[in-house]
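# Task: produce atomic coordinates for the following.
(2 chains)
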Amino acid sequence: EDQVTQSPEALRLQEGESSSLNCSYTVSGLRGLFWYRQDPGKGPEFLFTLYSAGEEKEKERLKATLTKKESFLHITAPKPEDSATYLCAVQASGSARQLTFGSGTQLTVLP
Amino acid sequence: DAGVIQSPRHEVTEMGQEVTLRCKPISGHDYLFWYRQTMMRGLELLIYFNNNVPIDDSGMPEDRFSAKMPNASFSTLKIQPSEPRDSAVYFCASRPTGGRSPLHFGNGTRLTVT
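All right, here's what the predicted structure looks like:
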């Protein structure tokens, strides 16, 4: 059974204080790992897809990296508007259309 | 593009009543998914369709839940009869063909069953 574990559950940062969110996964053959951002009252918004170990993707203050067992979402010099819940999901090679989501990390960036 | 559109945004109903949630996927997307989100269980896949045909409904919790997709631009999720434990946020998502295409989510329907 595919499993995704995200840590920490919640993270409070001061504006400008860089940090990383972790997504550990167990999957029978990784087809893709997805990062989403979810704001209160909204649906998850797609950020990145990573396909193979060693791959990195960047968008503004966010950088996602992938190893064979985990992914990190690095947040550099965060701003209050980066406050949201960040969700990680995996897609196994044997289930081409289903994503298994982690429970998310709730990030709060204080001004 | 308007994105995935769900209605209603909020639904409050009494136990035993029928509830129908609606979804309009992004035009041209031939996969449609229904998810449920709760604090305890996070995001759970209920059912998904490909070209209007249900492919996997193993996540549907009970026979009280049913979903249809009569055409490429409309899907419904029905709960009959509803129970308090069905209270959750229900999301619809769609994506085009291409196994690695990301899902695009609607803003959900918050269901409260009293």
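# how many other residues sit next to residue 38?
All of this refers to chain A. By other Cβ atoms under 10 Å in any protein chain shown, the residues close to residue A:38 number 20. In short, each C-beta sits where N, CA and C put it, glycine included.
# oops, chain B please
Residue B:38: 13 surrounding residues under other Cβ under 10 Å.
# Correct me if wrong: residue B:91 contacts residue A:43.
Yes - using Cβ atoms under 8 Å, residue B:91 makes contact with residue A:43 at a distance of 5.4 Å.
# So what touches the strand or helix carrying residue B:76?
Residue B:76 is part of strand B:74-79 when elements are defined by DSSP states H and E. By Cβ atoms under 8 Å, 6 or more residues apart in numbering or on different chains, the surrounding residues in contact with strand B:74-79 are B:18-25, B:32, B:34, B:46-47, B:49, B:64-69, B:86, B:90, B:92, B:111.
# From chain B, how far out is residue A:35?
Counting by Cβ to the nearest Cβ, to the nearest Å, the separation of residue A:35 from chain B is 10 Å.
# Neighbours of that residue, how many?
25.
# hey, what's it bridged with?
residue A:48, residue A:88 (DSSP bridges).
# now residue B:50
Beta-bridge pairing for residue B:50 (DSSP bridges): residue B:31, residue B:53.
# need the residues of chain B near chain A, please.
B:4, B:31, B:42-43, B:45, B:48, B:50, B:55-56, B:91, B:93, B:99-100, B:102-108 (Cβ under 8 Å from any Cβ of the partner chain).
# Return the distance of the strand holding residue B:76 from the chain's centre.
7 Å (Cα atoms, centre = their mean, to the nearest Å).
# Low-confidence ranges, chain B, go.
B:1, B:99 (pLDDT under 70).
# Could you measure from the residue in it that chain A sits nearest to over to residue B:81?
Going by Cβ to the nearest Cβ, chain A is nearest to residue B:105 of chain B, at 3.2 Å. To residue B:81, residue B:105 is 27 Å away according to Cβ to Cβ, to the nearest Å.
# quick one on the thing from earlier: return the subset of the residues of chain B next to chain A lying in strands.
B:31, B:42-43, B:45, B:48, B:50, B:55-56, B:91, B:93, B:104-105 (DSSP state E).
# Pull the residues that contact stretch A:44-54.
A:30-39, A:56-57, A:59, A:62, A:64-68, A:71, A:86-87, B:43, B:91, B:100, B:102-105.
# Can you tell me the closest non-neighbouring residue to the residue in chain A that chain B sits nearest to?
Chain B sits closest to residue A:43 of chain A, with a gap of 3.2 Å, by Cβ to the nearest Cβ. In this structure, residue A:43 finds its nearest non-sequential neighbour in residue B:105, 3.2 Å apart by Cβ to Cβ, 6 or more residues apart in numbering or on different chains.
# rewinding a little: pull out the buried members of the contacts of stretch A:44-54.
A:30-38, A:57, A:62, A:64-66, A:71, A:86-87, B:43, B:91, B:102-105 (16 or more other Cβ atoms under 10 Å in any protein chain shown).
# Show me the shaky parts of chain A.
A:94-97.
# Now with 90, please.
Scanning chain A with the threshold set as pLDDT under 90 gives A:1-2, A:27-31, A:91-99.
# Around chain B, pick out the residues from it.
A:31-32, A:34, A:36, A:41-46, A:49, A:51, A:87, A:89, A:91, A:96-99, A:101-104.
# hmm, 6 Å instead?
Contact residues (Cβ under 6 Å from any Cβ of the partner chain) of chain A with chain B: A:32, A:34, A:42-44, A:46, A:96, A:98, A:101, A:103.
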